[in-house]
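Peer 1: sequence and predicted structure below; questions after.
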Amino acid sequence: MKMLTLLGSTGSVGRQTLDVVRHSEGRLKIYALAAAKSVELMEEQARLFRPAKVVMMDEAAARELRGRLRDLPIKIEQGMDGIINAVIEPQVDIVVTALSGRIGLEPTLAALENGKTIALANKETLVAGGELVMATARKMQCPILPVDSEHSAIFQCLEENPETIEKIILTASGGPFFGWPREKLAGVTLQEALNHPNWDMGAKITIDSATMMNKGLEVIEAHHLFNMDYDDIEVLIHPQSVIHSMVEYRDGSVLAQLGRPDMRLPIQYALSYPTRWKNPFERLDLRGKTLTFHEPDLVAFPALALAYRVGRRGGTLPAVMNAANEIAVSAFLHKKVSYLGIMEIVEKVCSEHQVLDNLDLGNILDADNWARGRAAELVAKFDARSSMHEPRA
Ligand code: MG
């Protein structure tokens, strides 16, 4: 039996992780659940899974939950301290990091420093602090098992000898605007951007998929997880999302992992690893399916090219790109910037940053904070410009 702390239990991956736990026939058990502020859903999850501990990031949410769960012997904590306490407990075997954004960095480091296995569903953590996180994992000999579907696919296609890998091929659906020229993208609405063709996900990652920043973040994530040069990571558009990614070996053989667009499979693989468990989830049916592949359009979707540049430069720059993107996406979700404004802001913040190469948690968080502040200023200017509220040609 493996004991889990699940960070981000009320989000999309968090809810699907609990579904995997429910189908695990007692092989997985929840020690602690943590979320930002969704009190109602957290109460429901706590009653169903009976964890020892529940953490709400938001103080008022924690207070309300204490009232609602008075009848159960569940300890309720709050804030980042509460989250850290929930990951470092000796009973915990695996920490599932399904938080959205850089907020996952500190608990991930704390978990690794305390010898926990990480099931990583929080790519922003590796983008912001990849070198530090991977060095800590190596030092503590803790596995980081990918939950992101592409990285799970690569992980499943890896053979014994990593030196025989020539490149990894990350597939991308292309998002809702695949095939659109840049001019047409100026008129994109929030509703259109939230409408992903294949995957049902949280709002932040759905917008990242619409700008293709998601794939850019995944390139950096793959660089750290699999210790691959950026030159050996290729992105291929595959609109059907049947092949989740591929590995090409030096003899030209390509291994691919296929599946339905259902996150429960990569989640379960990270939690069942090194074995595979039977489950009742719907199976892939390839009959009648056509699989197609295309080169990504870096002019229409500059996020991907930016992420390669930023990843290659390294230092504090990936943390800055990620932070600016978190702010710009949030502003887009609140209709304060246009779709094209997201990348305009991220590119500007990146270009202004004085990169530091000496990476510790302090200067990663300083760079992250600076980028958030600068991006927020650019959002405010963008809002004042108001032209974005007019219909575009
Ligand atoms: Mg992915």
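Peer 2: Ah, there it is.
Peer 1: specify the next element, helix or strand, located C-terminal of the helix or strand harbouring Val133.
Peer 2: Secondary structure from DSSP states H and E places Val133 in helix 123-140. Using DSSP H and E, the next helix or strand after helix 123-140 towards the C-terminus is strand 144-146.
Peer 1: buried stuff in that next one?
Peer 2: Using 16 or more other CB atoms under 10 Å as the test for burial, strand 144-146 gives 144-146. All C-beta atoms are positioned from the backbone trio N, CA, C, and that covers glycine.
Peer 1: and which of those residues is nearest the ion?
Peer 2: Pro146 (9.3 Å; CB to the ion).
Peer 1: which residues does the host helix or strand of Ile30 contact?
Peer 2: Per DSSP H and E, Ile30 falls inside strand 28-35. Residues lying outside strand 28-35 but in contact with it, judged by CB atoms under 8 Å, 6 or more residues apart in numbering, are 1-11, 14, 18, 20-21, 41-42, 45-46, 49-57, 82-83, 86-87, 89, 91-92, 99, 271.
Peer 1: which helices and strands sit right next to the helix or strand where Ser351 lies?
Peer 2: Per DSSP H and E: Ser351 is located in helix 339-352. Judged by 3 or more CB pairs under 8 Å, 6 or more residues apart in numbering; DSSP states H and E, the packing partners of helix 339-352 are helix 203-211, helix 213-226, helix 302-313, helix 317-333, helix 361-385.
Peer 1: check whether the next helix or strand after the second one comes near the ion.
Peer 2: In this case it means helix 213-226. For helix 213-226, the following helix or strand on the C-terminal side (DSSP H and E) is strand 233-237. No: using CB under 5 Å from the ion, we find that strand 233-237 stays clear of the ion, coming within 11.6 Å at best.
Peer 1: give me the sheet partners of the next helix-or-strand element following strand 233-237 and which way each runs.
Peer 2: Downstream of strand 233-237, the first helix or strand assigned by DSSP H and E is strand 243-249. Sheet pairing of strand 243-249 (DSSP bridges) gives strand 165-172 (antiparallel), strand 254-258 (antiparallel).
Peer 1: next one: the strand holding Ile30 to chain centre, how far?
Peer 2: Between the centre of strand 28-35 and the centre of its host chain there is 19 Å, according to CA atoms, centre = their mean, to the nearest Å.
Peer 1: give me the nearest residue to Lys336, chain neighbours excluded.
Peer 2: Asp383 (4.9 Å; CB to CB, 6 or more residues apart in numbering).
Peer 1: give me the number of residues near Ile205?
Peer 2: As a burial measure, Ile205 scores 22 neighbours (other CB atoms under 10 Å).
Peer 1: for Trp199, see how far away it is.
Peer 2: Distance of Ile205 to Trp199, given as CB to CB, to the nearest Å: 8 Å.
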